[in-house]
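**Student:** can't give you the sequence, but here's the structure:
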């Protein structure tokens with residue numbers, strides 16, 4: 001896997017709840033490219049619980065939505081917005097897990113409408129939550145002018161993220 005370089009890192013005003021490393025309230029996700037998929041390894045924290053020791057469903061939805069956005073960013077080299085998201089919660093996730101793994105990929109492309117599939121696995125690899133996201137993607141010109149997006153690259157070296 002290769003780590004995806006965040007193209008907005010250092011941009012004044014960039015404070016995304018999902019992926020900005022300096023947003024103290026955010027989830028600070030990082031992403032890796034693994035073939036056709038984008039992967040994120042994330043550590044649940046107690047402040048993101050719904051019920052006792054259980055990861056809040058809304059936070060799970062944030063994580064799944066965010067990884068889908070990064071599939072668009074990396075694989076299609078543009079930006080976009082979520083227009084629909086269907087989430088299926090299969091198994092509770094403990095906030096005591098050492099990590100969770102998210103994986104997402106493109107399911108279908110219809111001009112500027114992209115259907116993506118995302119899955120969230122607990123620390124032992126059980127599928128806990130899955131989502132199908134529909135994204136409306138921007139032209140490269142609009143992504144550049146309005147979203148400050150030029151390109152999304154990966155680090156040159158293969159690496160295994162620390163779990």
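**Tutor:** Cool, the structure landed. All values derive from a computational prediction rather than experimental measurement.
**Student:** contact partners for residue 133?
**Tutor:** By CB atoms under 8 Å, 6 or more residues apart in numbering, the contact list for residue 133 reads 64-65, 68, 82, 84-86, 115-116, 118. All C-beta spots, glycine's among them, are computed from the backbone N, C-alpha and C.
**Student:** what mean pLDDT does the helix or strand it falls within get?
**Tutor:** For residue 133, the element it lies in under DSSP states H and E is strand 127-137. Strand 127-137 shows a mean pLDDT of 98 in the predicted model.
**Student:** show me where this protein has strands.
**Tutor:** 2-3, 32-34, 37-42, 80-89, 100-110, 113-121, 127-137 (DSSP state E).
**Student:** out of these, which comes closest to residue 20?
**Tutor:** strand 37-42 (14.2 Å; CB to CB).
**Student:** could you give the angle of the closest one to strand 100-110?
**Tutor:** Orientation of strand 37-42 against strand 100-110 (axes from the mean of the first three to the mean of the last three CA atoms, to 10 degrees) gives an angle of 150 degrees.
**Student:** re the thing from before, export the contacts of residue 133 to CSV and tack on pLDDT?
**Tutor:** Below are the contacts of residue 133 laid out as CSV (pLDDT from 0 to 100):
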residue, pLDDT
64, 98
65, 98
68, 98
82, 97
84, 98
85, 98
86, 98
115, 98
116, 98
118, 98
